[in-house]
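Peer 1: Here's a sequence, model it:
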Amino acid sequence: MNRQSFFKGLVRNIIIVGFVSVFTDLSSQMVFPVVPLFLLSLSDEEETIEQIFK
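Peer 2: Next comes the predicted model:
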């Protein structure tokens, strides 16, 4: 294995990991604001939500 092909594969893997990291960050930022709405949809009573967070 020559040195150039090693670095080419390394750069490719780093770019792929970078894209995965960006998409993971974006998806977590999109889901985070929806979590309170999801918890409220589980039950109509506020007492249940208070019990979850205690």
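
Peer 1: Where do the helices of the chain begin and end?
Peer 2: All helices of the chain, identified by DSSP state H, fall at 3-31, 35-42, 46-53.

Peer 1: Now the first one: average pLDDT?
Peer 2: Across helix 3-31, pLDDT averages out at 87.

Peer 1: Centre of the chain to it, how far?
Peer 2: 14 Å (CA atoms, centre = their mean, to the nearest Å).

Peer 1: Make TSV out of the helices of the chain and add mean neighbour count.
Peer 2: Bear in mind the C-beta positions are built from the backbone N, C-alpha and C, glycine included. Converted to TSV, the helices of the chain look like this (neighbours: other CB atoms under 10 Å):
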stretch	mean neighbour count
helix 3-31	10
helix 35-42	10
helix 46-53	10
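
Peer 1: For E45, report the pLDDT, please.
Peer 2: For E45, the model assigns a pLDDT of 61.

Peer 1: cool, and V34?
Peer 2: Confidence score, pLDDT, at V34: 87.

Peer 1: Ok, I49 next?
Peer 2: 63.

Peer 1: again with the one 3 residues further on
Peer 2: The confidence metric pLDDT takes the value 66 at I52.

Peer 1: start at 37 instead
Peer 2: Shifting the count to begin at 37 puts that one at I88.
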